[in-house]
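Colleague: For reference, the sequence and a predicted model appear below.
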Amino acid sequence: MPPEQPHSPRRANHRGAGPRRARIPQEARLPRRAARARPWTASRGRAAAALAARERAELARGVRFRSAYLRIMGVVLAVAALNVLLGALGLVRETRSRPLTDAERARYVAQDVARRWQAWPAGMVFPEELPYTGLGRTQQYARRVGIAPEAACGSVVDAPVAPVLGEHGCRTLLRATYVDQTATFAVTVGVAVMPSEDARAGAAADLPVDDRVGVRPVAFPGTVTDSFGAAQRQRTGWVGAGPYIVFLTVGYTDGRTRASVPLEEQVNSEMWPLAQTLAGRIARALGEPPDVPRCTQGNAC
């Protein structure tokens, strides 16, 4: 018998014996790496130059844009500065002290006079004492008895006078009553406040020429004027000053009426001059022109 063949350690293929595959080394089974291409030195230089050129172009474009922006902003700021400078010069020109024109002086006087009835205290419109000249050219003083409340123009004047004041825009009427130094005569002074001097002149031209009508007397109970009423009036009148019509009415303090006084005694040598003096002093104070400054900011310009 032939000797037995030695068995291979590998297990036989159960499906049948076949040709054995050649054993491939481990290194041969790994994928081979692709070879890396190396650029030429000249190519790298051209790429760097192109990149540098692009950067220089972008930088130049940015510089141009920035320069244009700065020029535009410079023009805008210059125009704004010029406007501010011109405005400041105009403001200085308008606010600096300069001499008043004739129109400005006239307007200053008119405005100051027109607001006195409100701006002044009642004691300045109707002073507590007013000087007058008595018989024998002696200096005497009339004394204020009282000041009536402010009233509507038509409510404290006689019927023929009321529509005239209303037509010309009378704003209000102020009244006060005085007595002479001997307390023999009572005088009521009424100040009609008109809108302007022209309105005052127009109203004065339309007032009735009648010394029996005008402002109504104001009596103050408990004083010597207690019995001074419309029937006791001996005479009435008025005087104009600025935008004011200053009415006056005078009578006796003892209650004598106009009808009871003989005609030759109605024009008393002392009574009527007293009333005219008091009304005239009040009118002159209200209408006297103020001291006008020479310049827009005082007397220095």
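Modeller: Yes, it's here.

Colleague: what kind of secondary structure is residue 106 in?
Modeller: Look at residue 106: counting by DSSP: H, G, I helix; E, B strand; the rest coil, its state is helix.

Colleague: so residue 239, which of the three states?
Modeller: Secondary structure assignment for residue 239 (three-state DSSP): strand.

Colleague: Give the burial count for it, as a bare number.
Modeller: Residue 239 has 18 neighbours, counted by other C-beta atoms under 10 Å. C-beta: built from backbone N, CA, C; applies to glycine.

Colleague: residue contacts, it?
Modeller: Contacts for residue 239 were tallied using C-beta atoms under 8 Å, 6 or more residues apart in numbering; they are 245-246, 248, 276, 279-280, 283.

Colleague: Please produce JSON lines containing the residues you listed, extended by pLDDT.
Modeller: JSON lines is the format used below for the contacts of residue 239 (pLDDT from 0 to 100):
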{"residue": "245", "pLDDT": "98"}
{"residue": "246", "pLDDT": "98"}
{"residue": "248", "pLDDT": "97"}
{"residue": "276", "pLDDT": "95"}
{"residue": "279", "pLDDT": "97"}
{"residue": "280", "pLDDT": "97"}
{"residue": "283", "pLDDT": "97"}
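
Colleague: Max pairwise distance over the residues you listed: which two?
Modeller: Farthest pair in the contacts of residue 239 (C-beta to C-beta) is 245 and 276. Separation: 14.8 Å.

Colleague: Can you pick out the residue with more neighbours from the two?
Modeller: Under the neighbour definition other C-beta under 10 Å, residue 245 and residue 276 were set side by side, and residue 245 has more, 30 against 17.

Colleague: That one - nearest residue in space that isn't next to it in sequence?
Modeller: The shortest distance from residue 245 to any non-neighbouring residue, by C-beta to C-beta, 6 or more residues apart in numbering, is to residue 192 (4.2 Å).

Colleague: Tell me how many other residues crowd the one you found.
Modeller: 29.

Colleague: Was I right to think it contacts residue 247?
Modeller: Yes. Counting by C-beta atoms under 8 Å, residue 192 sits close enough to residue 247 to count as a contact (6.6 Å).

Colleague: how near is the spatially most central residue of the chain to residue 101?
Modeller: The residue at the geometric middle of the chain, judged as the C-alpha nearest the mean C-alpha position with C-alpha atoms, centre = their mean, is residue 111 (16.1 Å). According to C-beta to C-beta, to the nearest Å, residue 111 and residue 101 sit 15 Å apart.

Colleague: those strands in the stretch 201-301 of the chain, which residues are they?
Modeller: Under the criterion DSSP state E, counting those that start in this stretch, the stretch 201-301 of the chain carries strands at the ranges 233-241, 244-252.
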